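**Student:** model this:
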Amino acid sequence: MYSYFAMMSRMKYIDRWALMRNSMPENISEHSLEVAMLAHAMAVLGNRRFGKQLDASRAALLGMYHDTTEILTGDMPTPVKYNDSAIRSAYRRLEDQAADSLLARLPEDLREEFTSLYYPREEDEYLWKLVKAADKLSALIKCMEEGKAGNREFIKAEQSTREKLEEMDLPELKAFMKDFLAPYGRTLDEM
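**Tutor:** Purely as a prediction, here's the structure:
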């Protein structure tokens, strides 16, 4: 009996944004689906508009699994995680231990396939950049939604997240933000 997928099903119990008052809670399962969709969309944009040959399905898969170690570690708030290099380094080791623990819950003949979802392969380097951008973009969308709901708690997070996204030199991200970001602030009737 192997417990890997039973552990994956626990993503729905890990809440994000623990240090902030949320008008609508978000768990890592919901977040990971959004990141997968955004990473996929950006890879498609890269292929169609910028002549790249990106594996959009692989980008979605990496996005889907990008936070699964948080099943064991919990969601470390960004201000804490990135506050200093020693904390970040220690957290990276903790994430690696969590990844190893999750992978050990798979039968041996499946581990290699899943290992590449936790430990980046060289050929996935650009896709991981898209996943990182999708992760930040998902955070920005959450901030926008909270602001739309009248929650002022996310104002600074929205500003700093938007700044980080603007610093990323990814044409796919810029194209997505230009073409698709504005409707996130609209009501259903306005779309």
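**Student:** Identify the residues contacting the one residue sitting closest to the centre of the chain.
**Tutor:** Among the residues of the chain, the one closest to the centroid is Asp135, at 3.2 Å (Cα atoms, centre = their mean). Asp135 sits next to 35, 63, 66 when contact means Cβ atoms under 8 Å, 6 or more residues apart in numbering. Using the backbone N, CA and C atoms, a C-beta is placed for each residue, glycine as well.
**Student:** Show the buried residues in those residues.
**Tutor:** 35, 63, 66 (16 or more other Cβ atoms under 10 Å).
**Student:** so after the helix or strand bottoming out on mean pLDDT in the chain, what's the next helix or strand?
**Tutor:** The weakest-scoring helix or strand in the chain, judged by mean pLDDT, DSSP states H and E, is helix 78-81 (a mean of 66). Beyond helix 78-81 on the C-terminal side, the first helix or strand identified by DSSP states H and E is helix 85-103.
**Student:** Flag every buried residue along that next one.
**Tutor:** Within helix 85-103, judged by 16+ other Cβ under 10 Å, the buried ones are 95, 98-99, 102-103.
**Student:** of the buried ones among the contacts of Asp135, closest to Glu26?
**Tutor:** Nearest to Glu26 among those: Val35, at 11.6 Å, using Cβ to Cβ.
**Student:** what's that closest one in contact with, if anything?
**Tutor:** Val35 touches 63-64, 66-67, 131, 134-135, 138, counting by Cβ under 8 Å, 6+ apart.
**Student:** What's the separation between it and Leu140?
**Tutor:** 12 Å (Cβ to Cβ, to the nearest Å).
**Student:** same thing with Leu110?
**Tutor:** 35 Å.
**Student:** same question, Ser160
**Tutor:** Taken as Cβ to Cβ, the span from Ser160 to Leu140 is 10 Å.
**Student:** Of the two, give the one with the bigger neighbour count.
**Tutor:** Under the criterion of other Cβ atoms under 10 Å, the comparison of Ser160 against Leu140 puts Leu140 first, with 21 against 15.
**Student:** Could you check the helix or strand encompassing Glu145 and say which residues are buried?
**Tutor:** When elements are assigned from DSSP H and E, Glu145 belongs to helix 125-148. Buried positions in helix 125-148, judged by neighbour count with 16+ other Cβ under 10 Å: 126-147.
**Student:** ditto for stretch 1-21
**Tutor:** So for stretch 1-21, counting by 16+ other Cβ under 10 Å, buried means 4, 8, 10-11, 14, 16-17.
**Student:** what does it contact?
**Tutor:** With Cβ under 8 Å, 6+ apart as the test, stretch 1-21 has contacts from 25-32, 67-68, 70-71, 74-75, 77, 79, 102-103, 105-107, 114, 142, 151, 153-154, 157.
**Student:** still on that earlier bit, any chance of the contacts of Asp135 in JSON lines, plus distance to Lys174, pLDDT and secondary structure?
**Tutor:** Output for the contacts of Asp135, formatted as JSON lines (distance: Cβ to Cβ, whole Å; pLDDT from 0 to 100; DSSP: H, G, I helix; E, B strand; the rest coil):
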{"residue": "Val35", "distance to Lys174": "18", "pLDDT": "98", "secondary structure": "helix"}
{"residue": "Gly63", "distance to Lys174": "18", "pLDDT": "98", "secondary structure": "helix"}
{"residue": "His66", "distance to Lys174": "21", "pLDDT": "95", "secondary structure": "coil"}
